[in-house]
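Peer 1: got a sequence here, can you build the structure:
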Amino acid sequence: MDRLYIQSDTEHRSLPLSREEMEYEYWFAGLQGLSAKKKYLLRKHMKTGRAIYYIEETQLKQMEFLTEKDRELLRAAAGQKIGNACEEAERRGIRFLPWFSEDYPGRLLELDDFPYALYVKGSLPKPAARTAAIVGARRCTPYGEKFAVEFGKTLAECGVEIISGLARGIDGMGQRGALMGGGRTFAVLGSGPDICYPREHIGLYMDILEQGGGVLSEYPPGSPPLPYHFPARNRIISGLSDAVLVMEAGEKSGSLITVDLALEQGRDVYALPGPVNSSLSQGCNRLIQQGAGLLMSPEILLKEWGITPHGEPGQEGKNKKVLESPEKLVYSCLGLYPKNIERISEETNLSQRELVGLLVSLELEGYAREVSKNYYVAAEGSLC
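Peer 2: Next up is the predicted model:
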């Protein structure tokens, strides 16, 4: 498919459109039954939405990329009334951004199947910001939920903008974590941007907007959350992201669709390891086996990305704190790879009952992290 940064497209992006012209563009972008690629090619030939609306039969027949069904659709659509739908959307706080708009995200223009247009409430990710998608199972475990929040929070505290789908489970928890970290997060919907789905996430939806983030979709306002919309929206989630972080996923999880798209788009993929007997970790463990990055902690990930962490007030003094002898002994046994209490007991000659209290103390002080039930790793405290 032709890329959008060739000279003719640059010319289109620099031309402001009148209100009336934008209404024709809005009509064409929302035309159902014609793929984004065909819309792009048709507009490249015809130059404007108005010209497409008034397209003549001889011109239609010259468009070899159109099927007869496509031509019938365009003939029928040409009789539709052009109203003030674009203006009405703007009054409701929804921006219309066709691909030639200067505000259309450059990351998406790199995709072969980029959306023809976006409908946006709130903001879009900053072009120069580091972005990460947090995705995973809707019916997640407390383990996945915990780390979705933790990664979302810590990355957001360090300026990483979080992308996800507002879905139940991992998606929503990762976005809630980003808000807890005082950062910005962006929800890509499988419905129109004015329809919160699932409905119970309306509080999260509003909080995202209030905290400077955004809600976006390739579907016009009023579009229902149809099942086939969701696999398609996953390419936008990965397309807006520098990396995709999978927190929990079964072997046939829908999150793996996002992973496949991310790999096709040249994005990095990371996965959170989980218990081998957990069905919701099988997809993640398989990804790691196949070469995905290993998510051990947000701090390690930030270092890998070259993001310099900034210590919290008092962090320097905390790091210099002298641990009590038993705590120091336990801490010295911990590393990047999880160890269970039985293993730590063998290495320290301390009873498991004694270890529980010491590990809780180390965790509260920021020196240890429980990554799953009774499995611990060394931690570096909050680095941001």
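Peer 1: CA only for contacts and neighbour counts going forward, please
Peer 2: Noted.
Peer 1: what secondary structure does the closest residue to Gly293 other than its chain neighbours sit in?
Peer 2: In space, and not counting its chain neighbours, Gly293 is closest to Tyr270: 4.2 Å by Cα to Cα, 6 or more residues apart in numbering. When classified by DSSP: H, G, I helix; E, B strand; the rest coil, Tyr270 comes out as strand.
Peer 1: count the neighbours of Tyr270 for me.
Peer 2: 22 (other Cα atoms under 10 Å).
Peer 1: excluding its backbone neighbours, what's nearest the spatially most central residue of the chain?
Peer 2: Ranked by distance to the mean C-alpha position of the chain (Cα atoms, centre = their mean), the top residue is Ile163 at 2.6 Å. Nearest non-adjacent residue to Ile163, counting by Cα to Cα, 6+ apart: Ala133, 4.4 Å away.
Peer 1: is the residue nearest to Gly293 in contact with Met296, as I believe?
Peer 2: No: counting by Cα atoms under 8 Å, Tyr270 does not reach Met296; the two are 9.9 Å apart.
Peer 1: now the helix or strand hosting Ile288: average pLDDT?
Peer 2: In this assignment (DSSP states H and E), Ile288 forms part of helix 282-289. Mean pLDDT, computed over helix 282-289, is 91.
Peer 1: buried residues in that helix, which are they?
Peer 2: Residues of helix 282-289 classed as buried: Gln282, Gly283, Cys284, Asn285, Arg286, Leu287, Ile288 (neighbour count, 16 or more other Cα atoms under 10 Å).
Peer 1: the first one contacts Val246, correct?
Peer 2: If I follow you right, that is Gln282. No: with contact defined as Cα under 8 Å, Gln282 does not reach Val246; the gap is 11.5 Å.
Peer 1: what about the strands in this protein?
Peer 2: 94-98, 117-122, 131-135, 161-164, 185-188, 214-217, 243-246, 268-271, 293-294, 339-340, 368-372, 375-378 (DSSP state E).
Peer 1: got a markdown table for the ones you listed, with mean pLDDT too?
Peer 2: Shown next, in a markdown table, are these (pLDDT from 0 to 100):
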| stretch | mean pLDDT |
| --- | --- |
| strand 94-98 | 97 |
| strand 117-122 | 98 |
| strand 131-135 | 97 |
| strand 161-164 | 98 |
| strand 185-188 | 98 |
| strand 214-217 | 98 |
| strand 243-246 | 96 |
| strand 268-271 | 94 |
| strand 293-294 | 92 |
| strand 339-340 | 85 |
| strand 368-372 | 81 |
| strand 375-378 | 82 |
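Peer 1: hmm, back to that, and the residue nearest to Ile163, how far is that from Glu150?
Peer 2: 14 Å (Cα to Cα, to the nearest Å).
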